[in-house]
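Chemist: Predicted coordinates and the sequence they were generated for:
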Amino acid sequence: MQPTFVLVHGAFANSFSFAPLQAELGLLGHRSVAVDLPGHGFAATYPQAYQAPQDPEGLAAAPGSIKGVTLADNAAHLIGILERAKRNGPVILVAHSRGGVTATAAANARPDLIDRIVYVSAWCPVNLDVGDYYAEPEMATVDPTSLALAMAGNPADLGLLRVNFRTADPAALAAFRAAFLADGTDDEFLTFLNTFQPDENLDVGTSADRAQAATWGRIPKTYVRLADDASLPLALQDRLIREGDALTPDNPYDVRTLAGSHLKWLVDPAPAAQVLGDLAELVTAAR
């Protein structure tokens, strides 16, 4: 009854970013599945205008496959994977960044499929909608317009968010690095940036998609804090933990902390794999 880790990526990311972590988990004897949410991975759109030499006008107008994808679509897709994984034993759902919104929605709907849910510097809205947290003091150090430095097209016209991660604009690249991987090398930063896809969907849910005590609140849960995260600051991570604990005081978060930025745990995954391995032992022992 070995647990299966189901890994859920964040915004503009895909299953590819989990490859180093999956290698470490495999070497520790653990089974894992990396998810591509709808419109991600090989279902993503890479317009010809995104290639070199780039065509900015074409990039701003090209349609994208992720248009119209909703949080409900993401949750339904994830639930299908959780159902398949659950046939083989316990399931540990691991979400990073924006992937936490999808993981929370799936947990609200099908807590029976999840033996432990793990948020790695991930969104788990409780008291506010995701967008509203950006106006709170804990997010004061975050510039939500940094992606706008390389924004392509009008989201209202495209029906999606499109960012030119292949930009050569020094200001945009500096903003990306500061937000995501300030503690990485130049090559690590550019390598990870090249795994990002240009498009992301617009729907991050409503108040109905916040963590629900009766369902989500039944699942044992862990929050892995990333101590040097500039994208989702430690103060906001701690607030999400406090709000979750207040919602389900009889089932508080098990809290772990890793050094590093928003992406460092995926670039140097051995410490994270060890933490996840420890959690697999907890799940096994609880059965």
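Modeler: Noted; the coordinates are in hand.
Chemist: any idea where the helices of the stretch 151-287 of the chain begin and end?
Modeler: 155-158, 170-180, 186-193, 234-247, 264-267, 270-285 (DSSP state H, counting those that start in this stretch).
Chemist: so which of the ones you listed comes closest to residue 121?
Modeler: helix 234-247 (5.8 Å; CB to CB). The C-beta positions use only the backbone N, C-alpha and C, and glycine is treated the same way.
Chemist: how about the strands of the stretch 51-200 of the chain, start to end?
Modeler: In the stretch 51-200 of the chain, the strands defined using DSSP state E, counting those that start in this stretch lie at 91-97, 116-122, 161-162, 199-200.
Chemist: The last one packs against which elements?
Modeler: Translated: strand 199-200. strand 161-162 (3 or more CB pairs under 8 Å, 6 or more residues apart in numbering; DSSP states H and E).
Chemist: Please apply the same query to the second one.
Modeler: Under the contact definition 3+ CB pairs under 8 Å, 6+ apart, strand 116-122 sits against strand 91-97, helix 99-109, strand 221-226, helix 270-285.
Chemist: Including mean neighbour count, could the ones you listed go into TSV?
Modeler: Below are the helices and strands packed on strand 116-122 laid out as TSV (neighbours: other CB atoms under 10 Å):
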stretch	mean neighbour count
strand 91-97	27
helix 99-109	26
strand 221-226	23
helix 270-285	17
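Chemist: Which one of these lies nearest to residue 250?
Modeler: strand 221-226 (12.2 Å).
Chemist: Output that closest one in CSV, but only the C-alpha positions, please.
Modeler: Extracted in CSV, the C-alpha atoms of strand 221-226 (Å, rounded to 0.1, in the frame of the first residue of the first chain):
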residue,chain,number,x,y,z
LYS,A,221,-2.7,18.5,5.7
THR,A,222,0.9,19.8,5.6
TYR,A,223,2.1,23.2,4.6
VAL,A,224,5.7,23.4,3.4
ARG,A,225,6.9,27.0,3.9
LEU,A,226,9.5,28.3,1.5
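Chemist: ok so, going back, switch the helices and strands packed on strand 116-122 over to CSV; also include distance to residue 14 and mean pLDDT.
Modeler: Output for the helices and strands packed on strand 116-122, formatted as CSV (distance: least, CB to CB, whole Å; pLDDT from 0 to 100):
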stretch, distance to residue 14, mean pLDDT
strand 91-97, 12, 98
helix 99-109, 11, 98
strand 221-226, 20, 98
helix 270-285, 18, 97
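Chemist: returning to that earlier point: mind checking which of the helices of the stretch 151-287 of the chain is nearest residue 106?
Modeler: Among the helices of the stretch 151-287 of the chain, the nearest to residue 106 by CB to CB is helix 234-247 (15.9 Å).
Chemist: Distance from that closest one to the middle of the chain?
Modeler: Here helix 234-247 is found 17 Å from its chain centre; the criterion is CA atoms, centre = their mean, to the nearest Å.
Chemist: start at 7 instead
Modeler: Yes, from this point I'll number from 7; that puts the last item at helix 240-253.
Chemist: Compute the inter-axis angle for it and helix 105-115.
Modeler: With axes from the mean of the first three to the mean of the last three CA atoms, to 10 degrees defining the directions, helix 240-253 sits at 10 degrees from helix 105-115.
Chemist: What residues of helix 240-253 count as buried?
Modeler: Residues 240, 242, 243, 245, 246, 247, 249, 250, 251, 253 are the ones in helix 240-253 that count as buried (16 or more other CB atoms under 10 Å).
Chemist: okay, how far is it across stretch 30-45, tip to tip?
Modeler: Taking CA to CA, to the nearest Å, the first and last residues of stretch 30-45 lie 27 Å apart.
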